[in-house]
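Student: Coordinates only, no sequence provided:
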């Protein structure tokens, strides 16, 4: 089922407002794409929150979309300091992070009957 990219971007930004000192610039025209709405929304939210976290002293988060050769191209870019060159070869490793470990109390918990679904497909 097609999803409205602009509407999803607006919904995610409403649910994850920018912290103080961060400006969000959106250039997303009316585009439709075929994707799982829940998974796409989760991925976009993760990218936006990671962008916010990469700019603890403020900055600009840019979200842009266009079409190229029949495909939708979505760009989420922040003005943070970037990835340490020593970490580049590991950034796509599952669970790799440069963030400090969160205390045990910071992890959410769900009742067994409502286990959340991770936005991945086999």
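Tutor: Nice, thanks for sending it over. Every value quoted in this text rests on a predicted model; they were computed, and no experiment measured them. Numbering: from 1, shown residues only.
Student: give me the low-pLDDT residue ranges for this protein?
Tutor: Along the chain, the model assigns pLDDT under 70 to residues 101-122.
Student: ok, and what's touching the host helix or strand of residue 74?
Tutor: Using DSSP states H and E, residue 74 maps to strand 71-78. In this structure, residues lying in contact with strand 71-78 by C-beta atoms under 8 Å, 6 or more residues apart in numbering are 5, 28, 31, 33, 44, 47-48, 50-52, 54-55, 59-67. Heads up, the C-betas are built off the backbone N, CA and C, glycines and all.
Student: Name the strands paired with it and say parallel or antiparallel.
Tutor: strand 59-68 (antiparallel) (DSSP bridges).
Student: ok, and what's touching the strand it pairs with?
Tutor: So strand 59-68 is contacted by 5-6, 9, 13, 18, 21-29, 31, 48, 51-52, 55, 72-80 (C-beta under 8 Å, 6+ apart).
Student: State which helix of the chain is the longest.
Tutor: Assignment by DSSP state H gives helix 37-53 as the longest helix of the chain.
Student: ok so, going back, list only buried entries from the contacts of strand 71-78.
Tutor: Buried subset of those (neighbour count, 16 or more other C-beta atoms under 10 Å): 5, 28, 31, 44, 47-48, 51-52, 54-55, 59, 61, 63, 65.
Student: Out of those, which comes closest to residue 90?
Tutor: Nearest to residue 90, judged by C-beta to C-beta, of the buried ones among the contacts of strand 71-78 is residue 54 at 16.6 Å.
Student: dump the residue contacts of that closest one.
Tutor: Neighbour list for residue 54: 78, 80, 81 [criterion: C-beta under 8 Å, 6+ apart].
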